[in-house]
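K.L.:
fold the following for me, if possible:
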Amino acid sequence: MELVEREAPLAELTALFASAARGQGALVLVGAEAGLGKSSLLTEFCRGLGPRVPVIWGACDPLLTPRPLGPLRDMAAAGHLPTALVDGDTHRHDLFSAVLGLLVVPSVMVIEDLHWADDSTLDLVRFVGRRIRSTRSLVILTFRDEAPSGPLRSVLGDLGASGQSRRLHLQPLSVAGVARIVANLPLDPGRLHDLTAGNPFY
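P.N.:
Have a look, this model is predicted:
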């Protein structure tokens with residue numbers, strides 16, 4: 001499906017990855033309300049990188065009791081990290097250092113839905129964020145930014161204050177963007193925009 005009105009964030013991510021691959025690693029915070037297309041944006045961005053660029057993907061889940069280091073378990077299941085390293089009694093510093101080691105070669109690491117992260121995952125983000133400039137990779141974190149609170153708010157504040165991250169905020173679609181999506185449907189774009197506030201999910 002065509003991404004609508006996402007040309008600017010795609011171009012910015014592409015430029016940041018090019019800079020990272022030259023030796024200036026970066027961490028990007030992608031915030032948006034639910035439904036604005038964070039996952040779709042990153043899927044399209046990673047697809048455009050081609051098969052030679054490793055893409056390391058993990059996610060946090062909306063569980064009452066969050067999986068400890070859930071994104072790393074996803075990465076281990078995909079073969080990027082040894083399962084024994086994540087499931088065993090590995091010291092957290094050694095585990096976090098192993099994650100950092102994945103970023104030595106130009107690659108993209110995505111951790112989705114940081115608003116559902118456990119404390120250990122947030123510690124990982126802090127650890128990687130403080131060292132990201134020494135890598136050749138792009139680390140992208142997504143979260144719902146309606147009202148970050150608690151530990152996540154603290155982590156985002158620390159990353160922003162340290163100058164170790166870039167913020168990318170997705171905007172709702174304009175009326176023209178909605179019109180592009182429903183061009184072949186008998187719908188009034190203006191009315192639809194009013195009903196959905198420009199959220200493509202709705």
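
K.L.:
in contact with the residue sitting nearest the centre point of the chain, which residues?
P.N.:
The chain has residue 141 as the residue nearest its centroid, 3.1 Å off, counting by CA atoms, centre = their mean. By CB atoms under 8 Å, 6 or more residues apart in numbering, the contact set of residue 141 is 27-30, 110-111, 114, 125. Heads up, the C-betas are built off the backbone N, CA and C, glycines and all.

K.L.:
ok, now residue 143?
P.N.:
29-31, 113-115, 152, 156.

K.L.:
adding secondary structure, write those out as CSV.
P.N.:
Below are the contacts of residue 143 laid out as CSV (DSSP: H, G, I helix; E, B strand; the rest coil):
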residue, secondary structure
29, strand
30, strand
31, strand
113, coil
114, helix
115, helix
152, helix
156, helix
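
K.L.:
ok, how many other residues are close to residue 58?
P.N.:
24 (other CB atoms under 10 Å).

K.L.:
do the same with residue 76
P.N.:
Residue 76: 18 surrounding residues under other CB under 10 Å.

K.L.:
show me what the helix or strand containing it is packed up against.
P.N.:
For residue 76, the element it lies in under DSSP states H and E is helix 70-77. Here helix 70-77 touches strand 55-59, helix 83-87, helix 92-101, helix 119-131, going by 3 or more CB pairs under 8 Å, 6 or more residues apart in numbering; DSSP states H and E.

K.L.:
buried ones among the contacts of residue 143?
P.N.:
29-31, 113-115, 152, 156 (16 or more other CB atoms under 10 Å).

K.L.:
in the protein, which helix is the longest?
P.N.:
helix 7-21 (DSSP state H).

K.L.:
as CSV, could you dump the C-alpha coordinates of it?
P.N.:
Coordinates of each C-alpha in helix 7-21 appear next as CSV, following Å, rounded to 0.1, in the frame of the first residue of the first chain:
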residue,chain,number,x,y,z
GLU,A,7,8.0,11.4,2.0
ALA,A,8,9.7,13.8,4.4
PRO,A,9,10.2,11.4,7.3
LEU,A,10,11.3,8.7,4.8
ALA,A,11,13.9,11.1,3.4
GLU,A,12,15.1,12.1,6.9
LEU,A,13,15.5,8.4,7.9
THR,A,14,17.4,7.7,4.7
ALA,A,15,19.8,10.6,5.3
LEU,A,16,20.3,9.6,8.9
PHE,A,17,21.2,6.1,7.9
ALA,A,18,23.6,7.3,5.2
SER,A,19,25.4,9.4,7.9
ALA,A,20,25.4,6.5,10.4
ALA,A,21,27.0,4.2,7.8
